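Student: Quick one, structure for this:
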Amino acid sequence: MAQPSIDDKRKAKEASDYFNAGKNHFRNKDMSAAVEAFTQAIMLKPEKAEYFYNRGNCYNKMGETQKALLDYSMAIRIDNKSAAYYEHRGMCYKKLGNYEESVKDYTNAIKLDTKNGNFYYNRAISYMCLTPPDYEKALDDYNHAVEFSQARKKFSRHSIHDFSMLAG
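Tutor: The predicted model follows:
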């Protein structure tokens, strides 16, 4: 395997610097500056899924769901082993009313991280929004969400009862 050229190393360092600047802008809630920094990083190293993912997070915060969806899709195209990429794209599909695709993405996230209660919870919501709603699968996912420690803080047994009443 050939050694990276000096130019490749310079590009990688510059891209990393832009990426870190983007993360700092994001933390400081300066989304426009963060998008610009992540875009610069992407232009230098377009094979880095995390650059697209982080820019997608900025777009999501800015309410630009379609742009976020495209960036999450690029991140998945580059690296399909990250549950977070599927989770965030699933959220975009859910916001856009595409519940079938949302269910698929949460399913992929669950395959990669089987004990994340938030994935089950969000898939349950997507199941409830399908036409017609799939109450049985939604209730099953909701029960899984409560089962996992992350979700325990968010859900109560009382809300499971309310949810099961909807399912009839």
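Student: Do I have it right that Lys115 meets Phe148?
Tutor: Yes - contact between Lys115 and Phe148 holds when scored by C-beta atoms under 8 Å: they sit 5.2 Å apart. Just so you know, the C-beta spots here come from the backbone N, C-alpha and C atoms, and that holds for glycine as well.
Student: So between those two, which is more surrounded?
Tutor: Ranked by neighbour count (other C-beta atoms under 10 Å), Lys115 and Phe148 place Phe148 first, with 17 against 13.
Student: if we can go back for a sec, give me the common contacts of Lys115 and Phe148.
Tutor: By C-beta atoms under 8 Å, 6 or more residues apart in numbering, Lys115 and Phe148 have no common neighbours.
Student: Just the buried positions in stretch 34-45, please.
Tutor: Judged by neighbour count (16 or more other C-beta atoms under 10 Å), stretch 34-45 contains these buried residues: 34-38, 40-42, 44-45.
Student: Then stretch 64-81?
Tutor: For stretch 64-81, a neighbour-count test (16+ other C-beta under 10 Å) marks 64-65, 67-76, 78 as buried.
Student: Which one of these is nearest to Glu100?
Tutor: Leu69 (14.4 Å; C-beta to C-beta).
Student: element containing Met43, please.
Tutor: helix 31-44 (DSSP states H and E).
Student: cool, Phe19 as well?
Tutor: In this structure, Phe19 sits in helix 6-27 according to DSSP H and E.
Student: Return the angle between stretch directions for that helix and helix 31-44.
Tutor: 160 degrees (axes from the mean of the first three to the mean of the last three C-alpha atoms, to 10 degrees).
Student: Could you pull up the mean pLDDT of helix 6-27?
Tutor: Across helix 6-27, the average pLDDT comes to 96.
Student: before we move on, what about stretch 128-138?
Tutor: Rounded mean pLDDT across stretch 128-138 is 95.
Student: So for it, what gets flagged as buried?
Tutor: Of all the residues in stretch 128-138, those buried under the rule 16+ other C-beta under 10 Å are 128-129, 134-135, 137-138.
Student: quick check, nearest of those to Asn108?
Tutor: Taking C-beta to C-beta as the measure, Asn108 lies nearest Lys137 of the buried residues of stretch 128-138, at 15.7 Å.
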